[in-house]
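Undergrad: Show me the folded form of this:
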Amino acid sequence: MSRWPAADVTVAPQPKVLKATNGRMSRALSTLVFSREALMPPEFSSIEEWLGRGQNTYAYYQVLEEVGGPRWSPQRDTHPWIRFCLRAHHIQAQQARRRIDLLDRAWIALSEAVTGAGLDERTAFALLPAFWGSRVRRTIYQQDAELSVQQSIRDIRELCRLRWLAPQGEARGRYYTAGPAMQPVMDAVKRSTQPFDDPYRDARVPS
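TA: From the prediction side, this is the model:
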């Protein structure tokens, strides 16, 4: 089997009705080969997440159309599409790695910040979801930090008082989002984030 089966599928003759599935089939085949040969962990073997972003989707179809042309020809150059897919794999892998790195750095930064403010380090469990823009629920915090109901209530109340969290909604519908006190921590982590390395700068693909 070809090392880059996607290229083979892309240039192979296809019935007109299957033209739209050409790219999908080739990507699925590439992912299958990567997984079967254990070339990389599953989360690094697909570019579907990256392709799901609008500008990347448009760029993908643009280069696929350029390479495929109006009709199949064995003389057509597939290098632009191969470069595109290689670059996409690089960026997708870096995104997956960045998530892990950001999670580590966010936890460390929040833990240091709350202990510096005189709070228990466990309160970082309540702040971490808000750091990502998610809603914080007291019951989930209670489970994550393995606390009693009263402990979780006291912690959330104190985090709100110190403006680490901002309450939203009422009664059973209440949840919490990032408060003003968390903004400096979020800004510091964001500033320390390095841009993606682009090994295929000549490929016409947005980051």
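
Undergrad: May I see the buried residues of the strand or helix carrying Leu103?
TA: Secondary structure assignment for Leu103, by DSSP states H and E: helix 79-116. For helix 79-116, burial by neighbour count (16 or more other C-beta atoms under 10 Å) applies to 80-94, 102, 106-107, 109-111, 113-114. Where C-beta positions appear, they are placed from N, C-alpha and C, glycine not excepted.

Undergrad: Touching, Arg87 and Gln94? I think so.
TA: No: counting by C-beta atoms under 8 Å, Arg87 sits too far from Gln94 to count as a contact (10.6 Å).

Undergrad: For stretch 46-55, what is the distance to the chain centroid?
TA: 10 Å (C-alpha atoms, centre = their mean, to the nearest Å).

Undergrad: Also stretch 133-153?
TA: Taking C-alpha atoms, centre = their mean, one finds stretch 133-153 lying 25 Å from the centre of the chain it belongs to.

Undergrad: what does it rub up against?
TA: With C-beta atoms under 8 Å, 6 or more residues apart in numbering as the test, stretch 133-153 has contacts from 122-123, 125-127, 129-130, 155-156, 165, 168, 174-178.

Undergrad: Out of these, flag the one nearest to Leu29.
TA: The closest of the contacts of stretch 133-153 to Leu29 turns out to be Pro129 (C-beta to C-beta; 37.5 Å).

Undergrad: Report how many residues lie close to the residue nearest to the closest one when sequence neighbours are not counted.
TA: For Pro129, ignoring the flanking residues on the chain, the nearest one in space by C-beta to C-beta, 6 or more residues apart in numbering is Val136 at 5.1 Å. Residues contacting Val136 under the criterion other C-beta atoms under 10 Å number 24.

Undergrad: repeat for Gly69
TA: 11.

Undergrad: what's the closest non-adjacent residue to it?
TA: The shortest distance from Gly69 to any non-neighbouring residue, by C-beta to C-beta, 6+ apart, is to Arg76 (5.7 Å).

Undergrad: Pretty sure the one you found sits against Gly68.
TA: Yes: taking C-beta under 8 Å as the definition, Arg76 is a contact partner of Gly68 at 7.3 Å.

Undergrad: care to break the chain down by domain?
TA: Under the assignment named as automatic domain parsing, the residue ranges that make up the domains of the chain are 5-98, 117-191.

Undergrad: would you list these in JSON lines and tack on distance to Asp197 and mean pLDDT?
TA: As requested, the domains of the chain are arranged in JSON lines below (distance: least, C-beta to C-beta, whole Å; pLDDT from 0 to 100):
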{"stretch": "domain 5-98", "distance to Asp197": "7", "mean pLDDT": "72"}
{"stretch": "domain 117-191", "distance to Asp197": "18", "mean pLDDT": "95"}
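
Undergrad: Cheers, nothing more for now.
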